[in-house]
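>>> Structure, please.
(chains A and B)
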Amino acid sequence: MMNRPTKTGIAGTLESNDCQVIVEPTKDEGLIIQIESVVKARFGKQIETAVRDTCEQLNLIGAIVSVNDKGALDFTIKARVETAVKRSL
Amino acid sequence: MKYEPKLPYQYIESYEPRIYQEKKTSRVNHIVKKVESLDELFDRIGLQDGMTISFHHHLRNGDAVMNLILDEIIKRKLKDITVAASSVFPIHTSLAKAIELGVVTQVVSAYMSGAVADVVSEGKCLYPCVMQTHGGRALSIESGKLKIDVAFIAAPALDESGNISGRQGKAACGSLGYAIADAHYASTVVAITDTIEPLFHIDIARECVDVMLQVDSIGDPRGIVSGTTRITKDPVGLAIAKRTIELMDAVGYIKDGLSFQTGAGGISLAVAAQLHLKLRQNNIKGSFASGGITGYLVDMFEEGLFEKLYDVQCFDLSAVASIVKNANHQAISASQYGNPFNPKNMVDQLDVVILGASEIDLNFNVNVTTGFDHRILGGSGGHADTAYGSKFAIIVSKLVSSRISVVVDRVTTITTPGETVDALVTDYGIALHPRHRELIEQLKKTTRLPVVSMKELLDTANELCGVPQTMLPKDKIVALMEYRDLSVIDVIRQSEIPL
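Residues are numbered from 1 along each chain as shown, chains lettered A, B, ... in the order given. Down below sits the predicted model:
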């Protein structure tokens, strides 16, 4: 079963070592991922992979997922994405 | 002629003492000329294109003198000036502007942050800058390698005859340690003050001073407490501090006569606070604490836990208050502090120093000068001096902060060579330099301290964070890393990444 947001879901903070994830519904079925990070130059690919994998595991469609990362580790990013997605459903 | 160290670095076990004569002490009938305006000052000192001028940084981010002088230099359209400043802070925007205009073409300094660090990192300074250590700066001036044409000394107070005190006036900053070499060796010395009154203590004698000028304000003393000088509240940082004291105890340094120094980083200051408790509990009395003095060290000293404070720079206003009233809180010059050839230098008498790092590598080399992106964000200050001189140099840091590991394969820039570093204390364990093989075995057998190898820490960090993308710089060399004996230990190349 695919999951599609019905409202905005937010999780996380803008503290160091954390990230804030905002999931919003879109009109079409696509998945748009936007990443801002203080360590983008060093870990941009890993962050993108962590976010995309989590969204795919949750069968997310029709969503814009915006991540504002302040140096969170992958397990934090995954947990924040999952929570934000669940809050958006 | 620009300032350019050339000798390649190699580890030297001990430096042979050299004495450099202070030239000005014999000027008996010397009279300090009092000028009334910046115009008159500049007419008098005859500053010309290509000259080297110097500044000291005891007012830190509250300093107004460097901007005042550089604005005038820009206005007068001088060219090709070298600025030898003991440190450069974000307040020094006029220096950044002067570099961009080509008015200043080289900076020689032990620390730089803010706009100046940015323009230098971006390759906008015509000649490579030189990043010194505090002790090395004194040596370069005393030995005549770094020739200062005009030294501008921000003087918190002057008396009518031109003697300088750091201990009174509106911007009292205490010790003037970094200005002493400049005062004795610069061709012309200008004292700039906002307070002329009788002095109760002279820090720099009028024999060293040529010209004096009174202005409205030399700066804001509140800027002395800036940036790094606050204790950490992070429980992980505090745990690292406790672990550091346990290590010092296990290695045998917590005993009567202990001499000690900390950097001003949050965890380093937490170590000072923990040491305070430990010395009090065990009724132990240390001999001295040195370096940049903070209120934490003053508290210990006033409680009798250290006999003396040797102060090259007051890091906060309680240190300033203490140096004024306590006879055993003594000002020292940068040369007495860390010049490797000064036979009585303080760092050589240190037992333990606690220092920070932005990177430390598998060879224990430490970087506190640049970020991973090769941008300058600080500098040695006394880091390399104290690591060399002390018997046991401990680096304290969280292993990972905002996904950036302090432990790396190879540091981006070598500030302090691994040969002079003894231990790294992190939240994931303590790594000791491999030359301490016996100590490592002893600590593993007799204590519960989590002793690990640097490689293990690196592996843990990579597991947590992932392996970071390396950042190659451009080819252009923007700064030379000058070790404390004036050899070149590394270079900084232009950063690839724009701000």
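>>> residues in the stretch 301-450 of chain B within reach of chain A, list them.
B:Phe372, B:Asp373, B:Val400, B:Ser401, B:Ser402, B:Arg403, B:Ile404 (CB under 8 Å from any CB of the partner chain). Yep, even glycine has a C-beta here, placed from its N, CA and C like the rest.
>>> Select from these the one having the most neighbours.
The most crowded member of these, judged by other CB atoms under 10 Å in any protein chain shown, is B:Arg403 (28 neighbours).
>>> Identify the residues contacting whichever residue of chain A sits closest to chain B.
For chain A, the residue positioned closest to chain B under CB to the nearest CB is A:Gly71, at a distance of 2.6 Å. Taking CB atoms under 8 Å, 6 or more residues apart in numbering or on different chains, we find A:Gly71 in contact with A:Ser16, A:Asn17, A:Ser37, A:Val38, A:Val39, B:Ser401, B:Ser402, B:Arg403, B:Ile404.
>>> where exactly do the strands run in chain A?
A:9-12, A:19-25, A:31-37, A:63-69 (DSSP state E).
>>> got the CA positions of the first one in CSV?
Okay, so that is strand A:9-12. Extracted in CSV, the C-alpha atoms of strand A:9-12 (Å, rounded to 0.1, in the frame of the first residue of the first chain):
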residue,chain,number,x,y,z
GLY,A,9,4.1,16.7,9.0
ILE,A,10,7.2,18.1,10.9
ALA,A,11,9.8,16.3,13.1
GLY,A,12,13.1,17.2,14.6
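>>> what distance separates it from the centre of its chain?
On the basis of CA atoms, centre = their mean, to the nearest Å, strand A:9-12 sits 9 Å off its chain's mean C-alpha point.
>>> could you check whether that strand is close to chain B?
No: Strand A:9-12 does not reach chain B (CB under 8 Å from any CB); its nearest approach is 14.1 Å.
>>> Would you give the sheet partners of that strand, along with the direction of each?
Partner strands for strand A:9-12, per DSSP bridges, with pairing direction: strand A:19-25 (antiparallel).
>>> Need the per-residue pLDDT for the residue nearest the centre of chain A.
Centrality entry for chain A: nearest residue to the mean C-alpha point is A:Val81, 4.0 Å, by CA atoms, centre = their mean. At A:Val81, the pLDDT value in this model is 98.
>>> Hmm, it is touching A:Arg52, no?
No: A:Val81 lies out of contact with A:Arg52 (CB atoms under 8 Å); the separation is 9.4 Å.
>>> Is any residue of the longest helix along chain A near chain B?
Longest helix in chain A by number of residues (criterion: DSSP state H): helix A:40-57. Yes: applying CB under 8 Å from any CB, one finds helix A:40-57 touching chain B at A:Ala41, A:Arg42, A:Phe43, A:Gly44, A:Lys45, A:Gln46.
>>> Now do that helix: which elements does it pack against?
The contact analysis (3 or more CB pairs under 8 Å, 6 or more residues apart in numbering or on different chains; DSSP states H and E) places helix A:40-57 against strand A:31-37, strand A:63-69, helix A:74-88.
>>> low-scoring stretches of the chain, by residue?
All of this refers to chain A. Residue ranges of chain A with pLDDT under 70: none are present.
>>> that answer is for a different chain, and I need it for chain B
Scanning chain B for pLDDT under 70 picks out B:1, B:226-230, B:497-499.
>>> Try it again at 90.
Per-residue confidence for chain B (pLDDT under 90) gives these ranges: B:1, B:19-29, B:221-234, B:263-266, B:292, B:315-317, B:469-472, B:495-499.
>>> for it, what spans make up the helices?
B:38-45, B:65-75, B:93-100, B:115-121, B:134-142, B:180-185, B:235-251, B:266-281, B:295-302, B:317-325, B:334-338, B:383-389, B:437-446, B:454-465.
>>> Including mean neighbour count, could the ones you listed go into a markdown table?
Below are the helices of chain B laid out as a markdown table (neighbours: other CB atoms under 10 Å in any protein chain shown):
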| stretch | mean neighbour count |
| --- | --- |
| helix B:38-45 | 16 |
| helix B:65-75 | 20 |
| helix B:93-100 | 22 |
| helix B:115-121 | 25 |
| helix B:134-142 | 30 |
| helix B:180-185 | 26 |
| helix B:235-251 | 20 |
| helix B:266-281 | 21 |
| helix B:295-302 | 22 |
| helix B:317-325 | 20 |
| helix B:334-338 | 29 |
| helix B:383-389 | 30 |
| helix B:437-446 | 13 |
| helix B:454-465 | 17 |
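>>> nearest spatial neighbour of B:Leu258, skipping sequence neighbours?
Closest residue to B:Leu258 apart from its sequence neighbours, by CB to CB, 6 or more residues apart in numbering or on different chains: B:Gly286 at 3.9 Å.
>>> residues contacting that neighbour?
Counting by CB under 8 Å, 6+ apart, B:Gly286 makes contact with B:Asp256, B:Gly257, B:Leu258, B:Ser259, B:Phe260, B:Leu279, B:Met300, B:Leu305, B:Phe306, B:Glu307.
>>> Hmm, B:Leu439 is touching B:Leu432, no?
Yes: using CB under 8 Å, B:Leu439 is in contact with B:Leu432, at 6.3 Å.
>>> Could you tell me how far the residue of chain A closest to chain B is located from A:Ile47?
Applying CB to CB, to the nearest Å, the value for A:Gly71 to A:Ile47 is 10 Å.
>>> For the two, list the residues in contact with both.
Both A:Gly71 and A:Ile47 are in contact with A:Ser37, A:Val39, where contact means CB under 8 Å, 6+ apart.
>>> circling back: between the residues of the stretch 301-450 of chain B next to chain A, which sits nearest chain A?
So of those, ranked by how close each gets to chain A (CB to the nearest CB), first place is B:Ser402, at 2.6 Å.
>>> who's in contact with the closest one?
Contacts for B:Ser402 (CB under 8 Å, 6+ apart) come out as A:Ser16, A:Asn17, A:Val38, A:Val39, A:Lys70, A:Gly71.
>>> cool, B:Phe42 as well?
By CB under 8 Å, 6+ apart, B:Phe42 lies in contact with B:Glu72, B:Arg76.
>>> go on, B:Gly237?
B:Gly237 is in contact with B:Gly266, B:Ile267, B:Ala270, B:Lys398, counting by CB under 8 Å, 6+ apart.
>>> was I right about the third one contacting B:Leu238?
Yes: applying CB under 8 Å as the test, B:Ala270 and B:Leu238 come out as touching, 5.5 Å apart.
>>> Find the residues that touch each one of the two.
With CB under 8 Å, 6+ apart, B:Ala270 and B:Leu238 have common neighbours B:Thr232.
>>> Pull up the gap between B:Ala172 and chain A, please.
Computed with CB to the nearest CB, to the nearest Å, the distance linking B:Ala172 and chain A is 35 Å.
>>> residues contacting that residue?
By CB under 8 Å, 6+ apart, the contact list for B:Ala172 reads B:Pro156, B:Ala157, B:Gly166, B:Pro221, B:Val320, B:Val324.
>>> Tally up the residues packed near B:Val28, please.
By other CB under 10 Å, 6 other residues sit near B:Val28.
>>> Can you report phi and psi for it?
phi -70, psi -50 (degrees, to the nearest 10).
>>> OK, contacts around the closest residue in space to it that isn't next to it in sequence?
Distance criterion CB to CB, 6+ apart; nearest residue to B:Val28, sequence neighbours excluded, is B:Glu207 at 7.9 Å. By CB under 8 Å, 6+ apart, the residues touching B:Glu207 are B:Lys24, B:Thr25, B:Ser26, B:Arg27, B:Val28, B:His30.
>>> Look at residue 31 and say how many residues are nearby.
As the question left the chain open, I've gone with chain A. As a burial measure, A:Leu31 scores 16 neighbours (other CB under 10 Å).
>>> Not quite, go with chain B.
Neighbour count of B:Ile31, defined by other CB under 10 Å: 11.
>>> Now do it against B:Met212, distance only.
Between B:Ile31 and B:Met212 the computed distance is 11 Å (CB to CB).
>>> and for these two, which residues touch both?
By CB under 8 Å, 6+ apart, B:Ile31 and B:Met212 have these common neighbours: B:Gly162.
>>> what about the residue lying closest to B:Ala117 once chain neighbours are set aside, distance to chain A?
Nearest residue to B:Ala117, sequence neighbours excluded (CB to CB, 6+ apart): B:Ile376, at 4.1 Å. Note on B:Ile376: its distance to chain A, by CB to the nearest CB, is 17 Å.
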